[in-house]
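J.: Sequence first, predicted model second:
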Protein chains: 2
Amino acid sequence: MASNAVMEETLQVLKDHKLRVTPQRHIILAYLVSHHNHPTVETIRDGLGKELPNIGSSTIYNTLNTFVDHHLVVELQNGDGSTHYDYFGSPHYHAICTNCGRIVDVTYPGFDETERNLEKKTAELSGYMISGNHMEVYGLCPECQIKLGIKSND
Amino acid sequence: MASNAVMEETLQVLKDHKLRVTPQRHIILAYLVSHHNHPTVETIRDGLGKELPNIGSSTIYNTLNTFVDHHLVVELQNGDGSTHYDYFGSPHYHAICTNCGRIVDVTYPGFDETERNLEKKTAELSGYMISGNHMEVYGLCPECQIKLGIKSND
DNA sequence: TAGTAAGTGAGAACCATTCCAATGTAACAA
DNA sequence: TTGTTACATTGGAATGGTTCTCACTTACTA
């Protein structure tokens, strides 16, 4: 039922964006909506093993690019050479571990204002007509701090 | 003379970072310090035609990766499939045109505070030990606004 | 100045992503 | 419901940015 809710939600999202509703798009978007693991194309393909065992990589790439074009999804690079994707629900940014590549979502009250302010300043200073932004913070995740002996595990 | 100043400055930068001073590193860094065109590896190779006609791509990649590791240079993606590089002088971020890929540097009084605040919040919320950040704003550059008939050229 | 750890360069290898052409199908209208 | 058509999917080939390999060279240190 949670599953059903997700499916209905994503179905509606696709329709709202006037995207043709194919099983592939439906299932891929549902996967992104219900997972917050910032998957790569490969991860998605694995995760869809049961539902779409024969899906082609091209389809996943095409679908994700379409979603990105429609601002349903954002692209992320964590430095491992492949692109990660994240469903764009509510405003947030990412903290990326420079050691293991782990990506976590971060937000805080007032973050949207910071974001708006950055865009406003940029418009004034550069003359660009702003359509979006991307903020990332790098560092060592708690586990890697322990692993590297920087922080004790207590 | 401007050229000499740049060369001396970069020489010092390399020494400060305890990097072995090879002609290749020296010249590549000088190129980055004196150009603000956010070059790709290909652009750099072309720009070094006179000074280092026989430099290998591997060397440029190696050198840039070393600079990135030492936080002398930052990596940028503007969506054209290749990586762009930018000498990290004073704190700034980038506005990237979604139509033509043009990248411009932006900063404003108080930007460093915004940056510090973002890092502080992130540390509190995620437990990451922060080492850096990356902020980008997307939109249409003034020229593309005109080209696409969104803004009149007056 | 000699020894050596590190850097360079040419080309091969890698692999994420895109392209292509044939096939399949969702959406819309009659 | 059916037919039409434009769009989506597929798998394999092609692309191209980046890394790897290894023989050769060189900047640093004692």
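T.: Okay, I see it.
J.: in the worst-scoring helix or strand of chain A on mean pLDDT, what counts as buried?
T.: Counting by mean pLDDT, DSSP states H and E, chain A has its least confident helix or strand at helix A:2-16, which shows a mean of 84. Buried positions in helix A:2-16, judged by neighbour count with 16 or more other CB atoms under 10 Å in any protein chain shown: A:7, A:10, A:13, A:14. (C-beta placed from N, C-alpha, C; glycine too.)
J.: Equivalent analysis for stretch A:63-74, please.
T.: A:63, A:64, A:66, A:67, A:68, A:72, A:73, A:74.
J.: And for stretch A:131-149?
T.: For stretch A:131-149, by 16+ other CB under 10 Å, it's A:133, A:134, A:135, A:136, A:137, A:138, A:139, A:140, A:141, A:142, A:144, A:145.
J.: DNA strand C contacts on chain A?
T.: With CB under 7 Å from any atom of the strand as the criterion, chain A meets DNA strand C at residues A:20-23, A:40-42, A:57-58, A:61, A:65, A:81-83.
J.: and the two most separated of these?
T.: Farthest-apart pair in these is A:21 and A:81; separation 32.5 Å (CB to CB).
J.: who's more crowded, these two?
T.: Set residue A:21 next to residue A:81 and count neighbours by other CB atoms under 10 Å in any protein chain shown: residue A:21 wins out with 13 against 7.
J.: would a markdown table of the residues of chain A next to DNA strand C with distance to DNA strand D be doable?
T.: Converted to a markdown table, those look like this (distance: CB to the nearest atom of the strand, whole Å):
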| residue | distance to DNA strand D |
| --- | --- |
| A:20 | 4 |
| A:21 | 9 |
| A:22 | 4 |
| A:23 | 7 |
| A:40 | 15 |
| A:41 | 12 |
| A:42 | 14 |
| A:57 | 7 |
| A:58 | 4 |
| A:61 | 8 |
| A:65 | 10 |
| A:81 | 7 |
| A:82 | 11 |
| A:83 | 12 |
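J.: In strands, which of these fall?
T.: residue A:83 (DSSP state E).
J.: min pLDDT across the residues of chain A next to DNA strand C, which one?
T.: Least confident of the residues of chain A next to DNA strand C in the model: residue A:81, at 90.
J.: Helix, strand or coil: sort out residue A:95 for me.
T.: strand (DSSP: H, G, I helix; E, B strand; the rest coil).
J.: any weak-confidence spans in chain A?
T.: A:1-3, A:151-154 (pLDDT under 70).
J.: Can you give the domain ranges for it?
T.: Following automatic domain parsing, chain A resolves into domains at A:1-88, A:90-154.
J.: Which among those domains is found nearest to chain B?
T.: Closest to chain B of the domains of chain A, according to CB to the nearest CB: domain A:90-154, at 3.8 Å.
J.: when you scan the closest one, is anything in it near DNA strand D?
T.: No: judged by CB under 7 Å from any atom of the strand, domain A:90-154 stays clear of DNA strand D, getting no closer than 13.6 Å.
J.: still on that earlier bit, minimum distance to residue B:91: which of the domains of chain A has it?
T.: Across these, residue B:91 has its closest neighbour in domain A:90-154 (13.2 Å, CB to CB).
J.: interface residues of chain A facing chain B?
T.: On the criterion CB under 8 Å from any CB of the partner chain, chain B has as its neighbours in chain A the residues A:77, A:93, A:95, A:97-98, A:104, A:106, A:108, A:111, A:114, A:117-119, A:121-123, A:125-142, A:145, A:150-151.
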